[in-house]
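[1] Predicted structure and sequence below. I'll ask about it afterward.
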Amino acid sequence: MEDFFSLFYRNNLYGEQLYYHLRGWDDAQNGFVAAADKFPTIFCVAFGTAVLLFLAYYYIFNHPRWNRWYHWIIPLLMTMATSFILGYVIVTTDLSAGVIAQSLEPYIGVGNAIMFGIYNAVLGGLFFFIMSLLLRSWSKNCKHSPWPLLATKLNNKGKQDHE
Amino acid sequence: MRPLIPLLFCLTACINGGPRPTATPGSNTATSKATTTETYSGETAAEAIQVSFSEHPTVNVYLETSGSMNGYVDNGRSQFQQVVFDFLSNIKNSGLPSEMNLNYITDKVTPKESDVDPFINSLTSRGLLTAAGNKATTDIAALIADILPKTDGSTLSIFISDCIFSPGSVSNPEAYLENQKIAIRNAVKEYIDANGFVGCSVYQIYSQFKGSYFDYKNRRSTIDMQRPFYIWVFGSPVHIATIKSKVPDSKFMGSPVVNTWTIVDGDFSEFDGLNDYGLLQPSPTNGSYRWVSKTQVSNIKKSGEQFNFTFGVDMEYFLLLYGEDYAIDINNYKHLITKDTGEEFFGSFRKNMVTASPYTHDITVISNKPFAKGTFTVVFDGNVPNWVYECSDLDDSILNDSNCRKTYGFKYMCDGIYAGFHANNTSNITARYDFEIK
């Protein structure tokens, strides 16, 4: 299962050694320790935040005056900010606590933490964006945010043509 | 540095406790009070190798007392006598031997009393000449052929000699040496065939030599200079490792060990815990690749000008048995192509500085072209070390500063032993590191 979560983070955008650290690398075992794998937590928080803010915007708050694209940006940015802070804080906390494996430590710094935060923010934002595309049509007031549904667009176009 | 005794215990326990799960249940043979005998299987049941050793072996010491040894002895005052006295005393006091039998050897074995002190220190050049046996020539191959059949898992043999071949009046000394090499190879092969999981180790030490020197044509001259002599240990690798552990090379008294060489018949990969290795994570120094598992690697990319990946190895036992220079000499490692053939291996060693790492050294495998997908196996199959060739001479009629530390024909002895361990041009793999490149 841990491979599922790490699948979303397997890239070289924020440093290969940081990826190994977050996956739970242990020098003593020359392998990964499942208990030290941080990707399930990071993924669940990023995804969970996206789900919560999606539900909050489209189905809980669901206000007719908050259905413009610039209103939709707010929960998107909140999702991204939460994911960024989470990723950045986890890495910098490990850096300052000195819990990173000795073989990885020289290759991990604040720069990697920032890059990982940005990557996690983009990932969280992507989750929110995808849910916005797929699951907003049942929202009463915000289903046309950030842009009208394709079905509504086609319907309107058909009406114009008819007129 | 972890204590070494547990490692020896580990090897002992591994053999006592049997092999990895490939072992055939119920294949163990007899177990007596003092001797532990186990069978472990190789790749197939047909390749099963008998491993037999006792915890406290009988140690038989053979001190060559041919005429050429006269300059090494001086009533206990020579470096030779100090070294041998110290070495044998340490072994005796180490608790390893159940008993120690001391013998002089020429063309016949003369048993002596079991007290080390008079055995070695009472020797004078004159006393040497009065000892039994032929003093004029040394048939090294015959000595080896005499000693090895008396060596097995419960008997360790120590042979102390200047190891100078004595062709005497033969017309073609090189042919004589070649024949000696073949005879030594045959003796070693029989020794391996009869026992399995055996080894031998040699120490080269210098001592002041003052007396009559007999060159390869048996011409006598009087010299007073540093000359090498050799202590050979034949027996189970467990016993050799115990000696190396309890009598470290660096602790020899009288004169330091100049060079050593150990060769072992048996794959340590068969024993859990003695050959731990694993792929390390990529880094600028380790290479650019993806760590899949300890033995699986993928996406090996060019790192600089070459493709490489790095794995860690626990070499504690290797370092003990072979010495660091030999154990980390990359020339002793090969890339295995088929079961018995290897090709030159390009790589580099460095010490593993990661405190928590289970490995002592890192080996970086280097290739100029991309690695082919499939199995990639690196094996340890040691060569005869260079010092043997540097210390070997083919003409000792005039000894001076340039060749006084060389031994006539010594490389033929080592080549013969090496050939015995590689009989029929087979490999002698002591450790293997298997990887799957995806």
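    All right, it came through fine.
[2] which residues of chain A fall in helices?
    Ranges of helices within chain A are A:2-7, A:16-22, A:39-55, A:69-97, A:110-135, A:150-162, based on DSSP state H.
[3] May I see the buried residues of the first one?
    Neighbour-count burial for helix A:2-7, counted by 16 or more other Cβ atoms under 10 Å in any protein chain shown, picks out A:5, A:6. C-betas here are computed from N, CA, C, even on glycine.
[4] Any chance of TSV for the helices of chain A, columns distance to residue A:33 and mean pLDDT?
    Shown next, in TSV, are those (distance: least, Cβ to Cβ, whole Å; pLDDT from 0 to 100):
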stretch	distance to residue A:33	mean pLDDT
helix A:2-7	10	80
helix A:16-22	11	92
helix A:39-55	13	95
helix A:69-97	14	94
helix A:110-135	20	94
helix A:150-162	47	70
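[5] which ones are touching the residue nearest the centre of chain B?
    The residue lying closest to the centre of chain B (Cα atoms, centre = their mean) is residue B:262, at 1.4 Å. The contact partners of residue B:262, by Cβ atoms under 8 Å, 6 or more residues apart in numbering or on different chains, come to B:199, B:200, B:201, B:202, B:240, B:244, B:321, B:322, B:323, B:326.
[6] tell me what the one helix or strand the fourth one maps to is packed against?
    Going back to what we said before, that points to residue B:202. Element membership for residue B:202, per DSSP states H and E: strand B:199-214. Applying 3 or more Cβ pairs under 8 Å, 6 or more residues apart in numbering or on different chains; DSSP states H and E, one finds that strand B:199-214 makes contact with helix B:79-93, strand B:220-235, helix B:237-246, strand B:257-264.
[7] In that strand, which residues are buried?
    B:199-211, B:213-214.
[8] Now residue B:361. Its backbone dihedrals?
    phi -140, psi 160 (degrees, to the nearest 10).
[9] Pretty sure it sits against residue B:349.
    Yes. In this structure, residue B:361 is within contact of residue B:349 by Cβ atoms under 8 Å, at 5.7 Å.
[10] Up against chain B, what does chain A have?
    Residues of chain A lying close to chain B by Cβ under 8 Å from any Cβ of the partner chain are A:16-17, A:20, A:25-31, A:101-104, A:106-107.
[11] please redo it, this time with the cut-off set to 7 Å
    Residues of chain A lying near chain B by Cβ under 7 Å from any Cβ of the partner chain: A:16, A:17, A:20, A:25, A:27, A:28, A:30, A:31, A:102, A:103, A:104, A:107.
[12] between the residues you listed, which is closest to residue A:126?
    residue A:16 (21.8 Å; Cβ to Cβ).
[13] tally of neighbours for the closest one?
    By other Cβ atoms under 10 Å in any protein chain shown, 22 other residues sit near residue A:16.
[14] Please report how far it lies from residue B:211.
    According to Cβ to Cβ, to the nearest Å, residue A:16 and residue B:211 sit 67 Å apart.
[15] go on, residue B:106?
    With distances taken as Cβ to Cβ, residue B:106 is found 17 Å from residue B:211.
[16] Nearest residue to residue B:390 in space, ignoring adjacent ones along the chain?
    Using Cβ to Cβ, 6 or more residues apart in numbering or on different chains and skipping residues adjacent in sequence, the residue nearest residue B:390 is residue B:406, 7.9 Å away.
[17] which residues touch residue B:406?
    Neighbouring residues of residue B:406 by Cβ atoms under 7 Å, 6 or more residues apart in numbering or on different chains: B:391, B:392, B:393.
[18] got a pLDDT number for it?
    The model reports residue B:406 with a pLDDT of 93.
[19] now do the one 3 residues further on
    Per-residue confidence (pLDDT) for residue B:409: 92.
[20] doesn't residue B:165 make contact with it?
    Yes. Residue B:409 is in contact with residue B:165 according to Cβ atoms under 7 Å; the separation is 3.8 Å.
[21] overlap in contacts of those two?
    residue B:177.
[22] Of those two, which one has the most company?
    Taking other Cβ under 10 Å, residue B:409 and residue B:165 do not tie; residue B:409 has more neighbours (25 against 22).
[23] how close does that one sit to residue B:68?
    According to Cβ to Cβ, residue B:409 and residue B:68 sit 12 Å apart.
[24] tell me the contacts of residue B:88?
    Shown in contact with residue B:88 (Cβ under 7 Å, 6+ apart): B:61, B:116, B:120.
[25] of all those residues, which comes closest to chain A?
    If you rank those by distance to chain A using Cβ to the nearest Cβ, residue B:61 comes first, at 43.3 Å.
[26] What is the nearest of the contacts of residue B:262 to residue B:227?
    residue B:202 (15.9 Å).
[27] Bridged to that closest one, which residues?
    Beta-bridge pairing of residue B:202 under DSSP bridges involves residue B:232, residue B:261.
[28] so which of the helices of chain A comes closest to residue B:374?
    Closest of those to residue B:374 is helix A:2-7, at 23.3 Å (criterion: Cβ to Cβ).
[29] quick revisit: what's the farthest-apart pair in the residues of chain A next to chain B?
    Farthest pair in the residues of chain A next to chain B (Cβ to Cβ) is A:16 and A:28. Separation: 20.3 Å.
[30] Taking the centroid of chain A, which residue is nearest it?
    Geometric middle of chain A (Cα atoms, centre = their mean) lands on residue A:124, at 1.2 Å.
[31] and the nearest residue to that one once chain neighbours are set aside, what does it touch?
    Counting by Cβ to Cβ, 6+ apart, residue A:83 is the residue found nearest to residue A:124 once chain neighbours are left out, at 3.2 Å. Listed by Cβ under 7 Å, 6+ apart, the contact set of residue A:83 reads A:46, A:49, A:120, A:121, A:123, A:124.
[32] residue contacts, the last one?
    Listed by Cβ under 7 Å, 6+ apart, the contact partners of residue A:124 are A:46, A:49, A:50, A:79, A:80, A:82, A:83.
[33] surely the third one meets residue A:130?
    By that I understand residue A:50. No. Counting by Cβ under 7 Å, residue A:50 stays clear of residue A:130, with 8.6 Å between them.
[34] doesn't residue B:335 fall inside a helix?
    No. Residue B:335 is assigned strand when assessed by DSSP: H, G, I helix; E, B strand; the rest coil, not a helix.
[35] Read off the pLDDT value for it.
    Note for residue B:335: predicted pLDDT of 87.
[36] That one contacts residue B:345, doesn't it?
    Yes. The pair residue B:335 and residue B:345 passes the contact test of Cβ under 7 Å, sitting 4.6 Å apart.
[37] so of the helices of chain A, which one's packed in deepest?
    Each of the helices of chain A was scored by mean neighbour count; the highest is helix A:16-22, a mean of 24, by mean count of other Cβ atoms under 10 Å in any protein chain shown.
[38] by contact count, what packs against that one?
    Counting contacts by 3 or more Cβ pairs under 7 Å, 6 or more residues apart in numbering or on different chains; DSSP states H and E, helix A:16-22 packs against no other helix or strand.
[39] what about the longest helix in chain B?
    When chain B is parsed with DSSP H, its longest helix is helix B:173-195.
[40] Okay, buried residues for that one please.
    Those would be B:173, B:176-177, B:179-189, B:191-192, B:195, for helix B:173-195 by 16+ other Cβ under 10 Å.
[41] Right, I'll leave it there.
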